[in-house]
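> Give me the fold of what follows.
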Amino acid sequence: MKVIAFLGSPRKDGNSELLLKEAVRGIDEAGLNVHMFNLSLMNISPCQNCGGCEDTGTCIVEDEMYQIYDAIRTADRIILASPIFFFGISAQAKIMIDRCQAFWCEKYLLKKPIPEGEYGRKGLLLLVGGMKKEIGIQCAEATAKAFFRTVSVPEHKTLGFLGVDAKGEILKHPTALKEAYEAGKALVKVQQ
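Numbering: from 1, shown residues only. Model (predicted):
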C-alpha cells in the first residue's frame, strides 16, 4: 500500500506538522512508509489557467509538481495537513491543489479517472486553526473535498481543531494527537 502526505504549513514544527507526524506514526506502526511532501519547501508555480492540460490531462508547466503528479497517481492513501488561514487552507496547499486541474481534465474531459487500485483510495484531512467558529473547518474542507474527488479519492476523514493558534499549542489539546494517531492507523487498515 502506497501512502503519501502533503504538509501545507509554512511553519516548521507547527501544529499541522505535529498532527501529521502523529498520523504518520500510526501508519509507521502498521509497517508502512509514508512519502512526505513539505509543500512550503517545493518549487511549485500556481496554475495559470492556460488550458494546456485540457487535451492531454498533462500540465505543461515543468516544476516540482511533477513529483506530486506521479505520487498522486499511484497512491492508495493521501493525507493533507494544513493550517486554516482566513477560513481556507494554506497558500502552499492551495497551489498544489490548483495544479491538480490536470487531473480534473483527465477525469472529466478525457474520461480517464485514476484507477481505484488494489486497496481502493482513501484520504485523511488534518486541519487546525486559531478561530473558534466551525465555518473555518467547513470552508477549508470544501476545497479539500474537491481535491480528493478530483484525484479519485471517494472517501476521506476530516479531523479539525479550532482555537489552536500559537506554535505547539496543539500539544496542549486533550485529544488531538491521539485522534490523529488513531486516524493514521485507521487509514491504512485493510477491510477483510
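
> in the protein, which spans are helices?
15-28, 65-74, 91-98, 101-104, 135-150, 176-187 (DSSP state H).

> want to throw those into a markdown table with mean pLDDT, distance to residue 81 and mean neighbour count?
In this view, the C-beta of every residue, glycine as well, is placed from N, C-alpha and C. Listed next are the helices of the chain as a markdown table, based on pLDDT from 0 to 100; distance: least, C-beta to C-beta, whole Å; neighbours: other C-beta atoms under 10 Å:
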| stretch | mean pLDDT | distance to residue 81 | mean neighbour count |
| --- | --- | --- | --- |
| helix 15-28 | 96 | 4 | 23 |
| helix 65-74 | 95 | 15 | 16 |
| helix 91-98 | 96 | 8 | 21 |
| helix 101-104 | 95 | 20 | 20 |
| helix 135-150 | 93 | 10 | 18 |
| helix 176-187 | 96 | 9 | 20 |
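
> Dump the ones you listed to a markdown table, plus distance to residue 44.
Shown next, in a markdown table, are the helices of the chain (distance: least, C-beta to C-beta, whole Å):
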| stretch | distance to residue 44 |
| --- | --- |
| helix 15-28 | 18 |
| helix 65-74 | 5 |
| helix 91-98 | 5 |
| helix 101-104 | 13 |
| helix 135-150 | 14 |
| helix 176-187 | 25 |
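
> ok, residue 30 - contacts?
By C-beta atoms under 8 Å, 6 or more residues apart in numbering, the contact set of residue 30 is 185, 188-189.

> Among those residues, which one sits closest to residue 5?
residue 188 (11.8 Å; C-beta to C-beta).

> center of this protein, which residue is that?
For the chain, the residue nearest the mean C-alpha position is residue 80 (2.0 Å; C-alpha atoms, centre = their mean).

> so that one bridges to which residues?
For residue 80, the beta-bridge partners under DSSP bridges are residue 6, residue 125.

> Do I have it right that it meets residue 144?
Yes: between residue 80 and residue 144 a contact is recorded at 5.7 Å, counting by C-beta atoms under 8 Å.

> shared neighbours of those two, anything?
89, 125.

> The closest residue to residue 47 other than its chain neighbours and residue 165: what is the separation?
Leaving aside its sequence neighbours, residue 47 sits nearest to residue 98 (C-beta to C-beta, 6 or more residues apart in numbering; 4.1 Å). Here residue 98 is placed at a distance of 26 Å from residue 165 (C-beta to C-beta, to the nearest Å).

> go on, residue 134?
16 Å.

> With neighbour numbers in mind, choose between those two.
residue 165 (14 against 10; other C-beta atoms under 10 Å).

> hmm, back to that, please name the residues that touch the residue nearest to the centre of the chain.
Neighbour list for residue 80: 5-6, 8, 89, 93, 123-126, 144, 147 [criterion: C-beta under 8 Å, 6+ apart].
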